[in-house]
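> return atomic coordinates for the entry below.
(one chain, ligands or ions: 1)
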Amino acid sequence: MKVLIVYAHPNPSSFNHAILEQMSFGLQEEGHEVQVKDLYAENFDPVLRASELEQLQAGTTPESILAEQKALCWAEGLVFIYPLWWFGRPAILKGWFDKVLTNGFAFQYGDKGLTGMLKHRRALILITAGGTKKFFKKNRAEHLIHRPMSDGTLAFCGIDDVHHRIYYDISGISEQARQKILSEVAGLGRHFNE
Ligand SMILES: Cc1cc2nc3c(=O)[nH]c(=O)nc-3n(C[C@H](O)[C@H](O)[C@H](O)COP(=O)(O)O)c2cc1C
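Numbers count the residues shown, from 1 in each chain. Sure, this is the predicted structure:
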């Protein structure tokens, strides 16, 4: 499969970056074609400006957004890698969705209601969190993390085959536990096999 990894972490020495490297390696080991969209490295501007929204509403897509949509359309599979920030996605990733998943491109409304228009076959979301699994379970908070991505964004645009992994307590766990996560991530390339 052609797989686009959308990655949102500002620090190239972070654990998230190590996850990116392992995921990319694992996909290639399984024979998949990989492209990485590193939003911070690309200095992506996540703010949907008034002028851009106006153009979109008038039926014209700005060139910068068309380029992002082209990168998205290249892929058959998607991977998102990011740290949990305030129970959600880093703003740069949220802004990427704001700009790229436009009405008429990613979804449309018709006589029969909403139609998701993205044709990607599968998506995988890898999230790291500072909090412990115990904390999230106790607060019944896991669905709050998943739903904006799976239901609110990807399924809305037609991608129903969505899987999540959350890696908890990232600053509290041992080096050995981190290595275990990274080797598990390297094996996730199989997730995109037919
Ligand atoms: C702005 C910000 C917001 C954060 N919000 C949360 C949060 O809501 N829940 C949580 O468990 N951890 C939160 N964290 C902790 C990060 O998720 C954690 O540091 C990160 O996943 C560790 O991965 P890294 O070493 O690759 O950065 C936050 C960190 C930052 C910088």
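
> could you pull out the strands for this protein?
In chain order, the chain shows strands spanning 2-7, 33-38, 77-83, 107-110, 113-116, 122-128, 162-167, with DSSP state E as the criterion.

> give me the number of residues near the nearest residue to Ser150 once chain neighbours are set aside?
By the measure of C-beta to C-beta, 6 or more residues apart in numbering, the closest residue to Ser150 outside its immediate chain neighbours is Val162, 4.5 Å from it. Yep, even glycine has a C-beta here, placed from its N, CA and C like the rest. Using other C-beta atoms under 10 Å as the criterion, Val162 is surrounded by 19 other residues.

> what pLDDT is listed against Val162?
Confidence at Val162, expressed as pLDDT, is 97.

> just the one 3 residues further on next, same as before
Arg165 carries a pLDDT score of 95 in this model.

> so who does the nearest residue to it once chain neighbours are set aside touch?
In space, Arg165 comes closest to Leu126 once its chain neighbours are excluded; the distance is 5.2 Å by C-beta to C-beta, 6+ apart. Taking C-beta atoms under 8 Å, 6 or more residues apart in numbering as the criterion, Leu126 is in contact with 19, 23, 79-82, 164-165, 167, 185, 188.

> filter those residues to the buried ones?
Neighbour-count burial (16 or more other C-beta atoms under 10 Å) is assigned, among the contacts of Leu126, to 19, 23, 79-82, 165, 167, 185, 188.

> what are the bridge partners for the closest residue to His164 other than its chain neighbours, then?
Distance criterion C-beta to C-beta, 6+ apart; nearest residue to His164, sequence neighbours excluded, is Ile125 at 4.7 Å. As for beta bridges, Ile125 partners with Phe80, His164 under DSSP bridges.

> may I have stretch 125-134 as PDB, with CA atoms only?
The C-alpha trace of stretch 125-134 is given here as PDB (Å, rounded to 0.1, in the frame of the first residue of the first chain):
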ATOM      1  CA  ILE A 125      -3.300   6.500  15.000                       C
ATOM      2  CA  LEU A 126      -0.300   6.300  17.400                       C
ATOM      3  CA  ILE A 127      -0.500   8.600  20.400                       C
ATOM      4  CA  THR A 128       1.800   9.100  23.300                       C
ATOM      5  CA  ALA A 129       0.500  10.400  26.600                       C
ATOM      6  CA  GLY A 130       2.100  11.700  29.800                       C
ATOM      7  CA  GLY A 131      -0.700  10.300  32.000                       C
ATOM      8  CA  THR A 132      -0.900   6.800  33.200                       C
ATOM      9  CA  LYS A 133      -3.300   4.100  31.800                       C
ATOM     10  CA  LYS A 134      -4.800   4.000  35.400                       C
END
